[in-house]
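Undergrad: compute the structure for the input listed below.
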Amino acid sequence: MPDLDAARRRLEAVGQDHVLKYADELTDSGRAALLAQVDALDLEALPGLIDKYVHSDAHFEVPDEVEPAPYYPRDPASPVKPWDAGAARKAGDELIAAGKVACFTVAGGQGTRLGYNGPKGCYPTSCVTEKSLFELFAEQVLATARTYDTIVPWYIMTSPLNHEGTVGFFEEHDFFGLDRENVAFFQQGVMPSIDEHTGKLLLADRGVLATNPDGHGGALLALFKSGAIDDMKSRGVEHVSYFQVDNPNVRIVDPVFLGLHAAAEDSSGEMSSKMVAKVAATEKVGNFTRVGGDGGRTAVIEYSDLPAELAKQTDASGNLRFIAGSIAIHAIGVAFVDRIINDPSMALPFHRAIKKVPYLDLSTGSPVAPTEPNAVKLEKFIFDAIPMAEKSIVFETDRVEEFAPVKNAEGTDSIVTSKQLQSERAARWLEGAGVSVPRKPDGTVDAVIELSPLTALSAEQLRERSDLPEKIAAGASVTL
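TA: Predicted coordinates:
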């Protein structure tokens, strides 16, 4: 068990020994759990973090030279930036077939905002059969492995809140037909929640620190600490396909994107990203930019940090200049992750958020549920690694093809809009394969269509099938 006196000395040195006020009243196991939480903290770094992010607002400063990031357009024949799709696909196919690609899902969230009691990845999402997000991804992993006759390892980052529920869900469903040895789970790190006014760490209970997940940027450190990076190296994996758990339409192993990432002349193969064209200047997605003028680095500026005068700028054709919106899909080199974690100068910055955090009032020993934001939460964002890459590319994808997020119970980015997008993508693929699909006068699909990744991973693969129906009936619910 961690030593209580040693912990107290470390905490006193940084003015945080109040968290041990009730340590003597705890059971041995309760005290051990609290001391383990304390031991896991980088206490020596706390004063600097509190000065920077609590006692000042540490607001984002827009760089002097900011331009829209160049990107590879969806159409390889586009005059904007023509590129060789065949060469990119060949390079990606070779990487996948050689077992050099792994999948990485950030899945630390709960389904609370969806009205679902459980890990978000377990949420029933597909259009007809209501397969979970995890099952849809598992089918992609399985179909990719079969297509390329290879192994595609899958790494899933959970959180302390949903780890047991996630692992139990996979156990319950026998890992959806995947080999258990090729699926790994590990938890993301946490940061202490800090009182906004005093800079003191908050207690959630007498023997529990109030904490929050350290953000998707913490995924890189979690990959390293969990042993996932070492496991990748032992398997010969060189690149990771990164995506978040709430997007059922994501192409989790895209040979064209991976080929560009690994082999394009203007990519260092360290970190690449996918984008969609923004629908409005104020759309709540990160903006791909280039900072530092000619020869500068690719970077993402949050929608809340990009000044309105830049966000609204248009080109000669009236299109938004800052058009490239981030959808949290990246290809990341394993060697790049290794370098970031082992080079202190490449540490990702924290971002500050003021939130309502329940806490224990030390003067009364009673719990408090604040009605106003009271605490600073510190998080890291994965996209802050992009400027650290020597050369980072951005690849455009279609919103219907690859962005159908399930974030809200209703409205924008809800399960309703996600199912509409899933069905629309399936309809497009079927129409491309010669199947007649009913459409309403407004052009939307007059059917509900669910297309399993085990049937086809892409529109091209679907066209190779000979067992498709000639037509879909109006109003039908169809599973293929």
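Undergrad: thought Arg428 was touching Asp398?
TA: No. Taking contacts as CB atoms under 8 Å, Arg428 lies outside contact range of Asp398: 9.1 Å. C-beta here means a position set from N, CA and C on the backbone, and glycine is covered the same way.
Undergrad: the two: who's more crowded?
TA: The neighbour count for Arg428 versus Asp398, taken as other CB atoms under 10 Å, is higher for Arg428 (18 against 13).
Undergrad: quick one: buried residues of the helix or strand containing that one?
TA: Assigned by DSSP states H and E, Arg428 belongs to helix 415-432. Buried residues in helix 415-432, counted by 16 or more other CB atoms under 10 Å: 415, 417-430.
Undergrad: give me the low-pLDDT residue ranges for the stretch 51-200 of the chain?
TA: 58 (pLDDT under 70).
Undergrad: and the strands in it?
TA: Per DSSP state E, counting those that start in this stretch, the stretch 51-200 of the chain carries strands over the ranges 66-68, 101-106, 154-158, 183-187, 190-192, 194-195.
Undergrad: show the pLDDT at the residue nearest to Glu25 when sequence neighbours are not counted.
TA: Sequence neighbours aside, Arg206 is the residue nearest to Glu25 in space, at 6.6 Å (criterion: CB to CB, 6 or more residues apart in numbering). Predicted confidence (pLDDT) for Arg206: 95.
Undergrad: contacting residues for Arg206?
TA: 21-22, 25-26, 30, 360, 365 (CB atoms under 8 Å, 6 or more residues apart in numbering).
Undergrad: mind checking how far it is from Arg31?
TA: Counting by CB to CB, to the nearest Å, the separation of Arg206 from Arg31 is 10 Å.
Undergrad: which secondary structure elements does the longest strand seen in the chain contact?
TA: Longest strand in the chain by number of residues (criterion: DSSP state E): strand 324-333. Judged by 3 or more CB pairs under 8 Å, 6 or more residues apart in numbering; DSSP states H and E, strand 324-333 is in contact with strand 239-244, helix 255-263, strand 271-277, strand 287-291.
Undergrad: that one: how far from the chain's middle?
TA: Relative to its parent chain, strand 324-333 has a centroid offset of 9 Å by CA atoms, centre = their mean, to the nearest Å.
Undergrad: same question for the helix or strand just after it, mean pLDDT?
TA: Per DSSP H and E, strand 324-333 leads on to helix 334-342 as the next helix or strand towards the C-terminus. Average pLDDT, helix 334-342: 95.
Undergrad: buried residues in helix 334-342?
TA: Buried residues in helix 334-342 (16+ other CB under 10 Å): 334, 336-338, 340-341.
Undergrad: mind listing what's buried along stretch 5-14?
TA: So, applying 16+ other CB under 10 Å, buried residues of stretch 5-14: 7-8, 10-11, 14.
Undergrad: what ranges do the helices span in the stretch 351-480 of the chain?
TA: 399-402, 415-432, 459-463 (DSSP state H, counting those that start in this stretch).
Undergrad: so which of those helices comes closest to Ser241?
TA: helix 399-402 (12.3 Å; CB to CB).
Undergrad: what helices and strands are in contact with that closest one?
TA: strand 271-277, helix 415-432.
Undergrad: can you give the distance of the longest one from its chain's centre?
TA: Meaning helix 415-432. On the basis of CA atoms, centre = their mean, helix 415-432 sits 22 Å off its chain's mean C-alpha point.
Undergrad: cool, and stretch 77-92?
TA: 26 Å.
Undergrad: what of stretch 203-223?
TA: Centroid separation for stretch 203-223 versus its chain: 17 Å, with CA atoms, centre = their mean.
Undergrad: cool, stretch 255-267 as well?
TA: Using CA atoms, centre = their mean, the offset of stretch 255-267 from its chain centre is 20 Å.
Undergrad: for that stretch, buried residues please.
TA: Buried, per 16+ other CB under 10 Å, within stretch 255-267: 255-264, 267.
Undergrad: just stretch 352-369 next, same as before
TA: Residues 352, 357, 359-360 are the ones in stretch 352-369 that count as buried (16+ other CB under 10 Å).
Undergrad: pull the most distant pair out of the residues you listed.
TA: Arg352 and Leu360 (22.8 Å).
Undergrad: returning to what we had before: how about the helices of the stretch 351-480 of the chain in JSON lines, adding distance to Arg89 and mean pLDDT?
TA: What follows is these, written out as JSON lines (distance: least, CB to CB, whole Å; pLDDT from 0 to 100):
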{"stretch": "helix 399-402", "distance to Arg89": "16", "mean pLDDT": "96"}
{"stretch": "helix 415-432", "distance to Arg89": "17", "mean pLDDT": "97"}
{"stretch": "helix 459-463", "distance to Arg89": "10", "mean pLDDT": "97"}
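Undergrad: to Glu450, which of those lies closest?
TA: Nearest to Glu450, of all these, is helix 415-432, at 6.7 Å by CB to CB.
Undergrad: elements contacting that closest one?
TA: Counting contacts by 3+ CB pairs under 8 Å, 6+ apart, helix 415-432 packs against helix 399-402, strand 448-450, helix 459-463.
Undergrad: ok, Pro405 touching Val245?
TA: No. Using CB under 8 Å as the test, Pro405 is too far from Val245 to be in contact (9.9 Å).
Undergrad: quick one: which of those two has more around it?
TA: Val245 (25 against 20).
Undergrad: now that the more buried one has come up, it's in contact with Cys122, right?
TA: No. Val245 is not in contact with Cys122 according to CB under 8 Å; the separation is 9.7 Å.
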